[in-house]
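Here you go, sequence then predicted model.
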Amino acid sequence: MNLVLKRLRAVFVFHGGWIALLAAVSLTCLGIAAISTAEYGESTQLARSQTLWTIIALGLLALCILPHPRQISLASYPLLLMALILLVFVLIPGVPSSIVKPRNGARSWINLYFMNFQPSEMAKIAFVLALAYYLQYRENYRTLRGLIPPFIIMFIPVILILKEPDLGTAMLFPPALFVMLVAAGAKLKHMSILLSLAILAVALNVAAIFYLPDSMQILKQHQRDRITSMISQAQGDTRYIKGIGFQQHKAITLAGAGGIKGYGAERSRIIMRFNHLPEDHNDMIFSVVMNRWGFIGGAATVGLYLLLFLSFMMVAMRASDPFCRIATVGFAGLIFTQAVINITMTIGLMPITGITLPFVSYGGSSLLATYAIVGLVVNFASRRPALVMRPSFEFDEPVTTYR
């Protein structure tokens, strides 16, 4: 009993994890209001459903606060293995569509009857935990050869997710890997080389769209069309807005139409109803936020994500346990990258990739995953460091200490 009381006291001490929870709940409330605006005729049903999933997600968050980080770290590899098995399962030919539900051409969902479960959401969390467990006491990743195992840990789920195909989710893994390696102590010159190669690969892929024949392309046709459409719209070319560029054109138009203060709930609901923006309650929810609350609402949303990111960083900086520190940085990279990609594709700075806005978009699977992440961060923030702990890594250079 005394141990339970001590644990409760430790949890309820003010720390960065509670700031993260406050930001997450604020974003979710904003999302529920935006969903009720977007879905006009079905608004009550979807908003109530999202509210119910929020309550369930908060329960999952409470469960994630309970286990010790040591137990979480030991469970990370089995959790990753389970996620990989589920990712393989959705790709097996012949599985009935009543079980694996294709959506927009992607086999990403498992029908559990009470919800549609997306294994890639589980894979994101498992990947961060498994990589943090691998990196916590190693030093070999301070060489280029030592970076190979972390990249293998990343590529296995990424390849399976790309096979669904789900490019948007797959894009979240490399930034998370990068920030985790930096937090663990990888050499910045090595990371700079890898970052430069990644930027070069993206640039070459974009150039290939315009200068190479179809037989030499890496990206699929619809992915190339989205990039071409985005660039054309940025140049004022409107030939794609009734085809592949329709969704992004509508999103940009509706977001910009909100002006400074937005149209308000009732008028914005009418506007959304007659403009027929695809996925307005899901991937394109930021356009709804901008239309209803204007630039002020968009800026407030971005501000909440910055607050969430900074609170994660606060927890990471205060964590003495290397597993907690590295995992928290990885979670910050995941959520912040996802938010940046969603917002920038909505306002036309990136091509449409089919990715939700964390905490805001409609969806139980995504909401459960993001609140599980916040629960783990609150857990890590409320733990005191062990009396005896191995150092996470040692730098090659001598470190000067001051008294």
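All right, it came through fine.

State the next helix or strand along the chain beyond the helix or strand where residue 274 lies.
Residue 274 belongs to helix 265-275 when assigned by DSSP states H and E. Beyond helix 265-275 on the C-terminal side, the first helix or strand identified by DSSP H and E is helix 285-318.

I'd like to know which elements the helix or strand that comes right after that following helix is packed against.
For helix 285-318, the succeeding helix or strand toward the C-terminus, using DSSP H and E, is helix 322-346. Using 3 or more CB pairs under 8 Å, 6 or more residues apart in numbering; DSSP states H and E, the elements in contact with helix 322-346 are helix 69-89, helix 119-135, helix 173-184, helix 246-257, helix 285-318, helix 364-381. To be clear about C-beta, it is placed using only N, CA and C from the backbone, and glycine gets the same treatment.

Please report how far residue 173 lies from residue 130.
12 Å (CB to CB, to the nearest Å).

same question but for residue 114, I mixed them up
Using CB to CB, residue 114 is found at 28 Å from residue 130.

Settle it for me: which of those two has more neighbours?
Set residue 114 next to residue 130 and count neighbours by other CB atoms under 10 Å: residue 130 wins out with 25 against 7.

Assess the claim that that one and residue 79 are in contact.
Yes. Contact criterion CB atoms under 8 Å: residue 130 and residue 79 qualify, at 7.3 Å.

quick one on the thing from earlier: C-alpha coordinates for the helix holding residue 274, CSV please?
Extracted in CSV, the C-alpha atoms of helix 265-275 (Å, rounded to 0.1, in the frame of the first residue of the first chain):
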residue,chain,number,x,y,z
ALA,A,265,-19.3,27.4,-36.2
GLU,A,266,-22.6,27.7,-38.2
ARG,A,267,-21.3,29.5,-41.2
SER,A,268,-18.3,27.3,-41.5
ARG,A,269,-20.5,24.2,-41.3
ILE,A,270,-22.5,25.4,-44.3
ILE,A,271,-19.3,26.2,-46.2
MET,A,272,-17.8,22.8,-45.5
ARG,A,273,-21.1,21.1,-46.6
PHE,A,274,-21.2,22.7,-50.0
ASN,A,275,-17.5,22.5,-50.8
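
The chain should start at 262 in everything you say after this.
I'll keep to 262 as the first residue from here, and by that count the last item is helix 526-536.

Phi, psi for residue 329 please.
Per-residue torsions, residue 329: phi -70, psi 140 (degrees, to the nearest 10).

Run through the helices of the stretch 262-411 of the chain in chain order.
263-272, 277-299, 304-326, 330-350, 380-396, 409-423 (DSSP state H, counting those that start in this stretch).

re earlier: could you save the helices and strands packed on helix 583-607 as JSON lines and add columns showing distance to residue 411 and mean pLDDT?
Shown next, in JSON lines, are the helices and strands packed on helix 583-607 (distance: least, CB to CB, whole Å; pLDDT from 0 to 100):
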{"stretch": "helix 330-350", "distance to residue 411": "13", "mean pLDDT": "95"}
{"stretch": "helix 380-396", "distance to residue 411": "6", "mean pLDDT": "95"}
{"stretch": "helix 434-445", "distance to residue 411": "6", "mean pLDDT": "94"}
{"stretch": "helix 507-518", "distance to residue 411": "34", "mean pLDDT": "90"}
{"stretch": "helix 546-579", "distance to residue 411": "18", "mean pLDDT": "95"}
{"stretch": "helix 625-642", "distance to residue 411": "20", "mean pLDDT": "94"}
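
Which stretch among those helices approaches residue 421 most closely?
Smallest distance to residue 421 across those (CB to CB): 4.0 Å, for helix 330-350.

For residue 465, what is the enclosing helix or strand?
Per DSSP H and E, the secondary structure element for residue 465 is helix 449-472.

other SSEs contacting that helix?
With contacts taken as 3+ CB pairs under 8 Å, 6+ apart, helix 449-472 sits against helix 434-445, helix 482-495.

orientation of that helix relative to helix 434-445 in degrees?
Put simply, helix 449-472 runs at 170 degrees to helix 434-445, going by axes from the mean of the first three to the mean of the last three CA atoms, to 10 degrees.

Not counting helix 449-472 itself, show me its contacts.
By CB atoms under 8 Å, 6 or more residues apart in numbering, the residues outside helix 449-472 that reach it are 403-405, 408, 435, 439, 442-443, 477-480, 485, 488-489.

Now do the same contact list for the nearest residue to residue 325 once chain neighbours are set aside.
Leaving aside its sequence neighbours, residue 325 sits nearest to residue 636 (CB to CB, 6 or more residues apart in numbering; 3.0 Å). Residues counted as contacts of residue 636 (CB under 8 Å, 6+ apart) are 321, 322, 323, 324, 325, 326.
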